[in-house]
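# the sequence isn't on hand, but the structure is:
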DNA sequence: TGGTATTTGTCCGTATGTATC
DNA sequence: GGATACATACGGACAAATACC
């Protein structure tokens, strides 16, 4: 773990907000005070604060200070946000998770797949379908497309654990950027077979385009969520 | 309009990417080259680039350069993102928009409303319901709750145009931060009355908590979207 | 293989501007 | 008007990753 100053300050402040040392609507100590406290430059403090702003933890007010706007939400059973794997968020939410691979194959991108995924034609890919269980309830069906030249030697066993973990630990590939799109669509046969839909006739779909550290898109995934367990959080600043 | 250097550079680079001067997967000129070109410090260039990163336009690669990862998506009819008003995004997407206020009242926050909105009990608020039309198709029903002490003298007429415009232009209130939650829920009677749902039995719901420049939450809104015209975009970086 | 140049990442100090109290 | 606090901008130093010869 690198010892990066602005991240240490960021994490320290974040923890203090989480543990209510600084509470909702309160002002943080001024930048200059923090500079003295952490024995660093003002730029470094400001960088830490900028990260808290984009997390929706605080809001800066010109001439006044930095106000805490984070408050705990009494939360539903599941929560996504940022780039987090199913395994990671399950652990964070203290749930029992399980992934079942129901389909696994290799293919070459044709026109139809290119249209869907934006992978160039004739790229070699893995295509799989996975059902995600949380506390033994089937919540999500994933349709995964991975570039074979980047996600090398993928197996069913790896896919049942965590593909991202495999990539980061074994292949030393770093996932960096994800572009995501959310939509709602009618259910299909697979949804009906695997998911517990009650009487919903649609699913929430999250479509992911994922890029590695070289800026190459190596993954296209559509995740079909049962509506009643789907929550997605976001945080945005309005730029004048 | 303030003349802020890093925003000028940011916009210039963004335009060049949009207009394909720099194309998908290409490297931008190096920071030092850009420093010379824009006659500014390296920090300023880096700040512009940092903004492009968080927009999902580029990705920086240590020791190598800054790669463009933006590509146009052949898009559906409607698109949200960031804090953008219905009016703004309609204009951007070149559509005819219209808002109809179907309910307008003033209330005092009781326990039930506190539970829903997180407004403190006995806060004075405006409560309204609005139907949003795009090209004469009813796409969204908004349930808006505004603090009366901040959104002063709200009228039906203002609500049929743009409440945010009124706040920024007339009240000089600056909307700064929004926390957002997306869910999917069963349709209710109002949805059935006003929206064109075809045979969907659920709607996409975007719940907004909006804060002004003073860090005060002044708005709670639930927007119920017809599924077939709902698209939401997001962009995320994985932090190691 | 190794050394050098290039490029991005982190951090510092300082100066000036602008908004608030 | 003066003090305080955040915002923008500059310039420099060194580290780390990569590219190139």
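On my side now, so go ahead. In this text, all values refer to a predicted model and were calculated from it rather than measured experimentally.
# would you map the helices across chain A?
A:5-18, A:31-38, A:42-54, A:86-92, A:111-117, A:156-160, A:163-169, A:189-194 (DSSP state H).
# what parts of chain A come near DNA strand D?
A:28, A:30-33, A:42-43, A:46, A:49, A:60-66, A:213 (CB under 7 Å from any atom of the strand). From N, CA and C alone the C-beta is placed, and that goes for glycine too.
# you'd agree residue A:23 is up against residue A:68?
Yes: contact status for residue A:23 versus residue A:68: in contact at 6.4 Å, counting by CB atoms under 8 Å.
# mind checking which of these two has more residues around it?
Legend: neighbour count by other CB atoms under 10 Å in any protein chain shown for residue A:23 and residue A:68, higher for residue A:68 (22 against 12).
# where does the more buried one land on pLDDT?
Turning to residue A:68, the model gives it a pLDDT of 92.
# so what sits opposite it in the bridge?
residue A:58 (DSSP bridges).
# how near is it to residue A:235?
Relative to residue A:235, residue A:68 is positioned 14 Å away (CB to CB, to the nearest Å).
# try residue A:26
Taking CB to CB, one finds residue A:26 at 19 Å from residue A:235.
# residue A:122 contacts residue A:109, correct?
Yes: with contact defined as CB under 8 Å, residue A:122 counts as touching residue A:109 (6.1 Å).
# pLDDT below threshold where in chain A?
A:1-2, A:72-94, A:238-240 (pLDDT under 70).
# domains for it, by residue range?
Using automatic domain parsing, the domain parsing of chain A gives A:2-68, A:76-233.
# can I get those domains in a markdown table including distance to residue B:223?
A markdown table is the format used below for the domains of chain A (distance: least, CB to CB, whole Å):
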| stretch | distance to residue B:223 |
| --- | --- |
| domain A:2-68 | 19 |
| domain A:76-233 | 13 |
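# how about the residues of chain A by DNA strand C?
Going by CB under 7 Å from any atom of the strand, the residues of chain A near DNA strand C are A:3-7, A:39-44, A:47, A:61-64.
# check the residues you listed against chain B, which are close?
Counting by CB under 8 Å from any CB of the partner chain, residue A:61 from those sit close to chain B.
# quick one, which of the residues of chain A next to DNA strand C are buried?
A:6-7, A:40, A:44, A:47 (16 or more other CB atoms under 10 Å in any protein chain shown).
# could you find the closest non-adjacent residue to residue A:190?
Sequence neighbours aside, residue A:141 is the residue nearest to residue A:190 in space, at 6.0 Å (criterion: CB to CB, 6 or more residues apart in numbering or on different chains).
# quick check: the one you found vs residue A:133, distance?
On the measure of CB to CB, residue A:141 and residue A:133 end up 11 Å apart.
# compare the two (neighbour count), which wins?
Neighbours per residue (other CB under 10 Å) separate residue A:141 from residue A:133, with residue A:141 holding more: 24 against 18.
# count the residues that sit near the residue lying closest to residue A:203 once chain neighbours are set aside.
Computed as CB to CB, 6+ apart, the closest residue to residue A:203 that is not its neighbour in sequence is residue A:224, at 4.4 Å. When neighbours are counted by other CB under 10 Å, residue A:224 registers 24.
# quick one: contacts for residue A:224?
A:140-143, A:185, A:190-191, A:195, A:203-205 (CB atoms under 8 Å, 6 or more residues apart in numbering or on different chains).
# residue A:212: what's it in contact with?
Residue A:212 touches A:150, A:173-176, A:218, counting by CB under 8 Å, 6+ apart.
# 6 Å instead?
Going by CB atoms under 6 Å, 6 or more residues apart in numbering or on different chains, residue A:212 touches A:173, A:218.
# distance-wise, check it relative to DNA strand C.
Distance, residue A:212 to DNA strand C, by CB to the nearest atom of the strand, to the nearest Å: 14 Å.
# again, but for residue A:162
Counting by CB to the nearest atom of the strand - residue A:162 and DNA strand C are separated by 25 Å.
# check residue A:98 too.
Where DNA strand C is concerned, residue A:98 sits at a distance of 36 Å (CB to the nearest atom of the strand).
# wait, that residue sits on residue A:133?
Yes: with contact defined as CB atoms under 6 Å, residue A:98 reaches residue A:133; the gap is 4.3 Å.
# relative to residue B:213, how far out is the residue in chain A positioned nearest to DNA strand C?
Closest to DNA strand C within chain A is residue A:63: 2.5 Å, counting by CB to the nearest atom of the strand. Using CB to CB, residue A:63 is found at 11 Å from residue B:213.
# what does the residue lying closest to residue A:67 once chain neighbours are set aside show for phi and psi?
Nearest residue to residue A:67 in three dimensions, chain neighbours excluded: residue B:215, at 3.6 Å (CB to CB, 6+ apart). Per-residue torsions, residue B:215: phi 80, psi 20 (degrees, to the nearest 10).
# what's the burial count for residue B:215?
Neighbours around residue B:215, by other CB under 10 Å: 22.
# noted, bye for now.
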